[in-house]
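[1] I need the structure of the sequence given here:
(2 chains)
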Amino acid sequence: KNEVEQSPQNLTAQEGEFITINCSYSVGISALHWLQQHPGGGIVSLFMLSSGKKKHGRLIATINIQEKHSSLHITASHPRDSAVYICAVENNDMRFGAGTRLTVKP
Amino acid sequence: GAVVSQHPSWVICKSGTSVKIECRSLDFQATTMFWYRQFPKQSLMLMATSNEGSKATYEQGVEKDKFLINHASLTLSTLTVTSAHPEDSSFYICSAIQGVGGMGYTFGSGTRLTVV
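    Numbering: from 1, shown residues only, chains lettered A, B, ... in the order given. Modelled structure (predicted):
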């Protein structure tokens, strides 16, 4: 079993829909990252959080340390949000989830 | 916030040649930098950890003579893929930690290497 599990693996949504991507982990962490990887491969760091909730534009990330769970929400999704979203946790090193491939259709 | 710049963002090279990828911390000193590799539709995998001024520590299965890592300064680490082959075609990404015992990884944007 992977130490970082993401769900779903693939997600297709219609433009405007509210999207949730989940991340569960089994190790103690000091921080959790959400990364966005575009089709060309380029990585963008979306959030780093160790507690509570962060918001940036239409993106919201939450983390529950006790439950070892984080969610990434996208409100009013748009086709340009189509990408792979990766959850990564910091322990003594970084552990990555397998990613969630999001496709938003117009 | 902390920024890590990685160059080039993409590179195409001929088989047998060497390619250098740079990872720079722009506004902080990065005592430790990490290099990852991602095969298509797979997760990022750690290749090596480099500490400034010392030899890199490679993960099992990563050839240190093929993937040369240099971390000569607190703001620059380089990964050189030597005698590249088509199977080295992949996505390479670096990350850095601020200072000694620092927490909080900052990621570069990645480099897509295609060997033809």
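[2] Spell out which parts of chain B neighbour chain A.
    B:9-10, B:34, B:38, B:42-46, B:49, B:91, B:93, B:95, B:103-110, B:112 (C-beta under 8 Å from any C-beta of the partner chain). (C-beta placed from N, C-alpha, C; glycine too.)
[3] Just to be sure, which of these are found in strands?
    B:10, B:34, B:38, B:45-46, B:49, B:91, B:93, B:95, B:105-107, B:112 (DSSP state E).
[4] most surrounded residue in those?
    Counting neighbours by other C-beta atoms under 10 Å in any protein chain shown, residue B:93 leads those with 28 neighbours.
[5] If you drop the residues flanking it in sequence, what lies closest to residue A:65?
    residue A:51 (6.1 Å; C-beta to C-beta, 6 or more residues apart in numbering or on different chains).
[6] Around the one you found, how many other residues sit close by?
    Quick note: residue A:51 (other C-beta under 10 Å) scores 11 neighbours.
[7] Kindly report the same for residue A:20.
    14.
[8] now do residue A:53
    13.
[9] what's the answer for residue A:13, then?
    Using other C-beta under 10 Å: residue A:13 sits among 18 other residues.
[10] Three-state assignment for it, please.
    Put simply, residue A:13 is strand when judged by DSSP: H, G, I helix; E, B strand; the rest coil.
[11] Next up, the contacts around it.
    A:19, A:77, A:102, A:103, A:104, A:105 (C-beta atoms under 8 Å, 6 or more residues apart in numbering or on different chains).
[12] do that again at 6 Å, thanks
    A:19, A:77, A:104 (C-beta atoms under 6 Å, 6 or more residues apart in numbering or on different chains).
[13] would you turn those into CSV with secondary structure and pLDDT?
    Below are the contacts of residue A:13 laid out as CSV (DSSP: H, G, I helix; E, B strand; the rest coil; pLDDT from 0 to 100):
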residue, secondary structure, pLDDT
A:19, strand, 97
A:77, coil, 97
A:104, strand, 97
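[14] where do the helices sit along chain B?
    Taking DSSP state H as the test, none of chain B falls into helices.
[15] The least confident helix or strand in it by mean pLDDT - contacts with which helices or strands?
    One helix or strand of chain B scores below all others by mean pLDDT, DSSP states H and E: strand B:105-107, with a mean of 85. Judged by 3 or more C-beta pairs under 6 Å, 6 or more residues apart in numbering or on different chains; DSSP states H and E, strand B:105-107 is in contact with strand B:90-98.
[16] Fine by me, thanks again.
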